[in-house]
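# sharing a sequence plus its predicted fold:
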Amino acid sequence: MHPPLDVIAVRRRFPGLLRRSGDVAAVFFDGPAGSQVPRSVADAMTHQLLYENANHGGAFATSVATDAMVQRARAAVVDFVGGDDPEEVVFGANMTTLTFHLAHALARTWRPGDEVVVTDSDHDANVTPWVRAAAAAGCGVQRIAVRPDASLDLDDAERKITARTRLVAFGAASNLSGTVHPVARLCELARARGARTFVDAVHEAPHARLQAARLGCDFLVCSAYKFFGPHLGVLWGRRALLEAIEADRVRPAAAHGAEKWQTGTANFEAIAGTLAAVDYLAKLGSEHGGPEDRRGALDAAFATIERHERELSAELLRGLADLPDVRVIGIADPDRAHERRPTVSFTHASRSPRQLAAGLTGAHVYCWPGNSYALALTTALGLEPDGVLRLGMLHYNTRDEVRYVLAQLRRLLTGSLA
């Protein structure tokens with residue numbers, strides 16, 4: 001058992017958490033839309049820009065340093081996602097752009113009569129790219145339904161994933177309900193039918209240890225700005241597949257390895273920041289009882305993070321249960337907090353999500369109303385057009401912040417909202 005998270009020490013590393021309005025500290029419950037960053041990430045990006053700023057592939061010192069940094073970053077990120085080979089890591093503008101790029105490439109291998117399977121639980125960045133690619137290839141699209149509790153219907157998945165399926169795209173966890181999806185089981189179903197799998201781990205990455213190769217998926221994406229880094233997308237894919245699939249690229253670009261998939265000049269300062277974000281998490285693990293090697297340290301970091309975040313989730317769920325006319329989307333039982341991530345969305349019988357968000361913003365609580373781009377889920381659950389109020393926590397949040405947010409909600413729900 002690793003020691004409890006030293007959240008006070010953690011918070012000292014995040015300058016953004018110092019934001020105040022008068023005597024009131026800001027409460028960052030906007031984590032699912034993007035995390036704050038530790039100072040070490042900003043320092044790494046500044047160093048790259050000021051002292052090693054060059055394009056890659058040159059023989060001079062700054063270019064050599066840039067190439068070395070990119071290789072270190074790929075080695076760190078492949079440890080972070082649980083892959084086998086640094087050349088399996090592709091950097092891009094963001095997860096959405098990388099997904100459109102891969103979908104376009106894969107669609108060239110599909111034929112009329114083939115099918116693609118998506119889910120009604122996913123962020124639209126893991127739905128629309130595949131739907132559009134399927135349409136371009138003349139393929140059909142199947143959708144795995146959600147149950148009323150926002151979990152994926154595995155019986156429906158078994159019906160929808162067939163011998164015609166070429167790709168199954170699904171999330172590791174819902175960015176709206178926080179529900180953890182059965183990734184290993186879905187990968188198993190797809191493999192049994194000869195289909196490839198694409199896992200959106202954007203929401204999972206800051207909360208739990210990723211194990212791409214062990215889970216048996218073929219592709220996995222995440223976003224560094226969700227796990228304490230800069231705005232950068234990451235695609236992991238099995239190297240044999242990345243080599244075999246034709247990628248859109250200019251003629252002088254590399255024809256093999258990760259560079260084959262990176263169109264144009266890379267955002268080197270963001271890559272440096274992503275390396276620093278992984279290093280931050282590994283250091284956190286070492287400080288909480290983990291070994292010095294990076295994979296072991298990341299194991300320890302996420303064991304510690306998960307325990308802390310389960311406590312936050314349970315406390316928030318207990319408090320919401322005491323508020324009148326509140327409906328939590330997904331798992332609402334505090335004793336089942338281990339089945340979800342610390343992202344809690346809810347509605348109120350008479351207050352709209354936008355009204356509640358405005359009221360909380362006035363109390364310096366940062367949160368989001370709406371559908372959070374999980375349009376398929378809010379549509380399936382009958383939550384459109386208003387969506388939900390989403391409160392999303394990360395490991396730097398505290399139980400005192402949870403209590404403050406609950407107190408402000410209680411005030412809003414028992415008072416008058418102009």
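All right, it came through fine.
# please make it C-alpha for all contacts and neighbour counts, starting now.
OK.
# domain ranges for this protein, per the record?
Per the record, the chain has its domains at 7-38+295-414, 42-279, by automatic domain parsing.
# could you dump the ones you listed into TSV and include mean pLDDT and mean neighbour count?
Output for these, formatted as TSV (pLDDT from 0 to 100; neighbours: other C-alpha atoms under 10 Å):
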stretch	mean pLDDT	mean neighbour count
domain 7-38+295-414	97	19
domain 42-279	97	20
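# now those domains as CSV including distance to S286?
Formatted as CSV, the domains of the chain follow (distance: least, C-alpha to C-alpha, whole Å):
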stretch, distance to S286
domain 7-38+295-414, 5
domain 42-279, 10
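# minimum distance to M1: which of those has it?
domain 7-38+295-414 (8.7 Å; C-alpha to C-alpha).
# check the offset of the closest one from the chain's centre.
15 Å (C-alpha atoms, centre = their mean, to the nearest Å).
# end-to-end on that domain?
32 Å (C-alpha to C-alpha, to the nearest Å).
# who does the longest helix anywhere in the chain touch, helix- and strand-wise?
Assignment by DSSP state H gives helix 294-321 as the longest helix of the chain. Contacts defined by 3 or more C-alpha pairs under 8 Å, 6 or more residues apart in numbering; DSSP states H and E place helix 294-321 against helix 61-81, helix 268-287, strand 343-348, helix 399-414.
# next helix or strand past the third one?
Right, the one you point to is strand 343-348. helix 353-362 (DSSP states H and E).
# between that next one and helix 399-414, what angle do the directions make?
Angle, helix 353-362 to helix 399-414, by axes from the mean of the first three to the mean of the last three C-alpha atoms, to 10 degrees: 130 degrees.
# packing partners of helix 353-362?
strand 368-370, strand 388-392, helix 399-414.
# how about residues contacting it?
With contact meaning C-alpha atoms under 8 Å, 6 or more residues apart in numbering, helix 353-362 is reached by 347, 366-370, 386-389, 405, 408-409, 412, 417.
# check stretch 281-299 too.
Contacts for stretch 281-299 (C-alpha under 8 Å, 6+ apart): 2-5, 76, 79-80, 209, 300-302, 304.
# need those residues in TSV with distance to A59, can you?
Converted to TSV, these look like this (distance: C-alpha to C-alpha, whole Å):
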residue	distance to A59
H2	45
P3	47
P4	47
L5	45
A76	24
D79	28
F80	30
R209	37
A300	39
A301	38
F302	39
T304	43
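# going by distance to C222, which of these wins?
F80 (10.5 Å).
# ok, the closest one to L375 distance?
29 Å.
# got the contact list for A247?
102, 105, 260-261.
# try 6 Å this time
Counting by C-alpha atoms under 6 Å, 6 or more residues apart in numbering, A247 touches A105.
# do the one 3 residues further on as well
Taking C-alpha under 6 Å, 6+ apart as the contact definition, V250 lies against nothing.
# do the same with V90
So V90 contacts 234-235, 258 (C-alpha under 6 Å, 6+ apart).
# swap in 10 Å and give it another go.
74, 77-78, 98, 221, 233-237, 242, 257-262 (C-alpha atoms under 10 Å, 6 or more residues apart in numbering).
# filter those down to just the ones in helices.
Per DSSP H, the contacts of V90 map to helices at 74, 77-78, 98, 242.
# including distance to R191, could those residues go into TSV?
As requested, the ones in helices among the contacts of V90 are exported to TSV (distance: C-alpha to C-alpha, whole Å):
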residue	distance to R191
R74	27
V77	25
V78	23
L98	23
L242	18
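# could you tell me the end-to-end distance of stretch 317-336?
For stretch 317-336, the end-to-end distance is 10 Å (C-alpha to C-alpha).
# who wins for proximity to C187 among the helices and strands packed on helix 294-321?
Per C-alpha to C-alpha, nearest to C187 of those: helix 61-81, 16.2 Å.
# which SSE is immediately downstream of the closest one?
Next along from helix 61-81, by DSSP H and E: strand 89-92.
# so what strands line up beside that following strand?
Each strand paired with strand 89-92, and its direction, by DSSP bridges: strand 233-237 (antiparallel).
# number of residues surrounding G415?
9 (other C-alpha atoms under 10 Å).
# ok, it - contacts?
L409.
# and the pLDDT for it?
Per-residue confidence (pLDDT) for G415: 75.
# roughly how far does it sit from R354?
16 Å.
# and for Y373?
Taking C-alpha to C-alpha, one finds Y373 at 15 Å from R354.
# hmm, R209 and A303 touching each other?
Yes - under the criterion of C-alpha atoms under 10 Å, A303 makes contact with R209 at 8.0 Å.
# in the chain, which residue is closest to the centre?
Nearest to the mean C-alpha position of the chain, by C-alpha atoms, centre = their mean, lies V202 at 1.7 Å.
# correct me if wrong, but it is in a strand.
No - counting by DSSP: H, G, I helix; E, B strand; the rest coil, V202 is not part of a strand but coil.
# leaving out sequence neighbours, find the closest residue to it.
Leaving aside its chain neighbours, V202 sits nearest to C222 (4.1 Å; criterion: C-alpha to C-alpha, 6 or more residues apart in numbering).
# contact partners for that neighbour?
Per C-alpha under 10 Å, 6+ apart, neighbours of C222: 81, 94-96, 98, 199-206, 232-236.
# report the beta-bridge partners for it.
Here C222, judged by DSSP bridges, has bridge partners V234.
# quickly note the distance from it to G237.
12 Å.
# now L356
Taken as C-alpha to C-alpha, the span from L356 to G237 is 41 Å.
# can you check D23 too?
Taken as C-alpha to C-alpha, the span from D23 to G237 is 48 Å.
# D43 now?
29 Å.
# same check, this time on D153
26 Å.
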